[in-house]
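# Sharing a model that was predicted from the sequence below.
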Amino acid sequence: MMPPNDQESSFPITPGGANRNETSPVQENRFSSPSHVIPCHDDDDNDGPSHQSRQSSVLRQSLRPIILKFEELTYSIKSQTGKKNYWFGSKEPKPNRLILNGVSGIVKPGELLAMLGPSGSGKTTLVTALAGRLNGKLSGTVSYNGDPFTSYIKRKTGFVTQDDVLYPHLTVMETLTYTALLRLPKELTRKEKMEQAETVVSDLGLTRCCNSVIGGGLIRGISGGERKRVSIGQEMLVNPSLLLLDEPTSGLDSTTAARIVATLRSLARGGRTVVTTIHQPSSRLYRMFDKVLVLSEGCPIYSGDSGRVMEYFGSIGFQPGSNFVNPADFVLDLANGITSDTKQYDQVELNGKLERLEEQNSVKQSLISSYKKNLYPHLKEEVSRTFPEDQMVSRSRAKSLTNRWPTSWWMQFSVLLKRGLKERSHESFSGLRIFMVMSVSLLSGLLWWHSRAYHIQDQVGLLFFFSIFWGFFPLFNAIFTFPQERPMLIKERSSGIYRLSSYYIARTVGDLPMELILPTIFVTITYWMGGLKPSLATFLMTLMIVLYNVLVAQGVGLAIGAILMEAKKAATLSSVLMLVFLLAGGYYIQHIPGFIAWLKYISFSHYCYKLLVGVQYSWDEVYDCGLGLHCSVMDYEGIKNLKIGNMMWDVLALAFMLIFYRVLSYLALRNL
Ligand SMILES: Nc1ncnc2c1ncn2[C@@H]1O[C@H](COP(=O)(O)OP(=O)(O)OP(=O)(O)O)[C@@H](O)[C@H]1O
């Protein structure tokens, strides 16, 4: 049967979702139900109801009802099919591919909207656009209480992406506790925030695994479904006014999926606006949604009350094959262009394939035009209506200026520092790094065993090795810092959780102990084994210079990583850079041609080497220059060419680099 073309519907339209049992946002706020709290560890403290009601009143106050409206959203991407000329680029104009085509809708506080559609129909793209995170050209309008996406809305929005971005070495409880400490308003005490984390653990059924590490990559951790629930928990902890989720139930068993959707519904009933994409909900799940938006190849074919979907499609001539069909299965079949008549596709012979495709396309076209004719005019009218919440815009804007961050700078810094130390404790104190440094220091100590100033070339070689090894090592460790952290930084920064400055300082300060302990061990061993000047003052100065060099090298590594944001590219550039510094440092080549001699001035290793030589030898020191003659150390060719003079200039040059590269990496991160 061919589809009934473009039929007029007798379907009564109530886009506001009037058939729900619950007519308005009720006070079923999840955060106000302390009985949910099942702490991971036994908690002897039993605070009274006044303590609990203070928490819920703070959380309720931070909740702002948000009406989400989107109108005629259209999004296209450049198709990759255009033929590419390797040398001169593509000459053929690439056709644009429509991903979203005229999608509109409205979701009010207290409502749960589900976006349904076959794989590739544009659900993720739509929910990402609504979360204000879609890059590229999006036409149409998205408004939040009549306002565009602002940093205030950003902080009031929770967004659960399809891919879980979590730290693999933290436990479930640690992950949620750090999130609670960072995201919940500063009016709550630390203890109250931790209690909220415990509530979320219990609500999401994570109590059993709360002390297990998240895992990922080669580290075995919690299951995929549990990871998903941790991601949802993190967004629930924002106490969001608008919660957007992309496939929150994928990979979950039906009972857990139902539990998640029930939690979402409960969150909505607490006055939040909740939007989720979902693949294949069971009829039990489907019944929990207030509204559904069905997409077919980026075009809407239904938008409105979830309970009226069968009635609507029936009214335009599409009936299910039986009375006991899951509405979700029925609409997904329709979105694929499959009706009850065409459904026996497994019985169609191969030569009928083309015909079947045409038939499916014609069903889809019919559904799209029926939507435009029957549903869109009413939806448009509702989207353009002004609601009382729209009047709250200026008030919330004013509030956003005074209350930009959920927590203070210091709180952000200390939580991020602790979280970073915990997450990276395995790598900072990794036996492998300690083994490497210990073995290199012992080996070089043995190779230079009790060298004397008489053997000036050997000793100068040791000092040059100090400057190069402690340039390479911290630089290569630092280049991976930001490329590795990138997904987490993007996720947390786009939710407006913390200032970049608090993250940046916490990240670099957290790395310092290990970055400084290892060179201290190295210098202590090699200095005395290698027979350098047996003076405590000279040893301490040598150590200070090496540590100073480490800090500068770390800054260069951070800047390269932050600018390129790709570990492979950063490693290649660093290798080239260090090779240049090695050659231009002044040890291997003493007579560098004038036109390229400037290279040494940009090399931090050169300044470090100069300082090390400068503190090691005095002007009256001599060495054996052959034939029983003693020459001044300062006349030794390798040292003379270094032009050691006022060492303050070398210290200042390193100080400039120390600040410059760190500011550079900070600015690069701002553009992320
Ligand atoms: N940046 C991009 N580059 C290329 N194609 C893209 C891009 N973004 C989206 N698409 C394409 O747009 C279409 C819609 O993608 P989207 O991820 O929104 O679908 P979906 O409905 O969420 O699918 P699924 O249910 O499988 O996750 C897909 O065909 C996808 O390949």
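Thanks, I have the structure now.
# Show me what from the protein comes close to the ligand.
Counting by C-beta under 6 Å from any ligand atom, the chain comes close to the ligand at 77, 99, 117, 119, 120, 121, 122, 123, 124, 125, 279. Yep, even glycine has a C-beta here, placed from its N, CA and C like the rest.
# List buried residues within these.
99, 117, 121, 122, 123, 124, 125 (16 or more other C-beta atoms under 10 Å).
# Please state the backbone phi and psi of the third one?
Phi and psi for residue 121, reported as degrees, to the nearest 10, are phi -80, psi -10.
# same deal with the first one?
The phi and psi torsions at residue 99 (degrees, to the nearest 10) take the values phi -100, psi -40.
# Repeat that for the last one.
In this entry, residue 125 is assigned phi and psi values of phi -60, psi -40 (degrees, to the nearest 10).
# Same check on residue 69?
Main-chain dihedrals, residue 69, degrees, to the nearest 10: phi -120, psi 140.
# Counting neighbours, what do you get for it?
21 (other C-beta atoms under 10 Å).
# what pairs with it across the strands?
residue 106, residue 143 (DSSP bridges).
# Does the residue lying closest to residue 227 once chain neighbours are set aside fall in a helix, a strand, or a coil region?
In this structure, residue 227 finds its nearest non-sequential neighbour in residue 164, 4.7 Å apart by C-beta to C-beta, 6 or more residues apart in numbering. Classification of residue 164 by DSSP: H, G, I helix; E, B strand; the rest coil places it in coil.
# on that earlier part again, and the residues of the chain next to the ligand, which two are furthest apart?
Using C-beta to C-beta, the residues of the chain next to the ligand span at most 22.1 Å, a distance reached by 77 and 279.
# For the stretch 151-300 of the chain, just list every one of the helices.
Remark: helices assigned in the stretch 151-300 of the chain by DSSP state H, counting those that start in this stretch are 151-156, 172-183, 190-203, 224-236, 254-269, 283-286.
# quick one: low-confidence parts of the stretch 551-672 of the chain?
Where the stretch 551-672 of the chain drops to pLDDT under 70, the residues are 627.
# typo on my end, the stretch 301-450 of the chain
341-355, 387-403, 428-429.
# one more time with 90, if that's ok
Residue ranges of the stretch 301-450 of the chain with pLDDT under 90: 314, 316-327, 333-334, 336-365, 381-408, 421-436, 448-450.
# Domain ranges for the chain, per the record?
What automatic domain parsing lists as the domains of the chain is 30-42+50-76+95-165+258-343+364-387, 409-670.
# Dump the buried ones among the residues of the chain next to the ligand into JSON lines; add pLDDT as well.
Shown next, in JSON lines, are these (pLDDT from 0 to 100):
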{"residue": "99", "pLDDT": "91"}
{"residue": "117", "pLDDT": "92"}
{"residue": "121", "pLDDT": "91"}
{"residue": "122", "pLDDT": "93"}
{"residue": "123", "pLDDT": "94"}
{"residue": "124", "pLDDT": "94"}
{"residue": "125", "pLDDT": "94"}
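# Relative to residue 265, which of these is nearest.
Checking those one by one against residue 265 (C-beta to C-beta), the nearest turns out to be residue 123, at 19.1 Å.
# Contact partners for the closest one?
Applying C-beta atoms under 8 Å, 6 or more residues apart in numbering to residue 123 gives the contacts 115, 116, 117, 246, 247, 277, 295.
# Which member of those residues is positioned nearest residue 559?
Nearest to residue 559 among the contacts of residue 123: residue 246, at 33.8 Å, using C-beta to C-beta.
# Report the separation between that closest one and residue 140.
To residue 140, residue 246 is 20 Å away according to C-beta to C-beta, to the nearest Å.
# who's more crowded, the two?
Neighbour count, other C-beta under 10 Å: between residue 246 and residue 140, residue 246 has more, with 23 against 15.
# from what I can see that one touches residue 158, true?
No - counting by C-beta atoms under 8 Å, residue 246 stays clear of residue 158, with 11.8 Å between them.
# just to revisit the earlier point, which member of the buried ones among the residues of the chain next to the ligand is positioned nearest residue 524?
Comparing those against residue 524 with C-beta to C-beta places residue 124 closest, at 54.8 Å.
# isn't the closest one right next to residue 246, touching?
Yes - here residue 124 reaches residue 246: they are 5.4 Å apart, a contact under C-beta under 8 Å.
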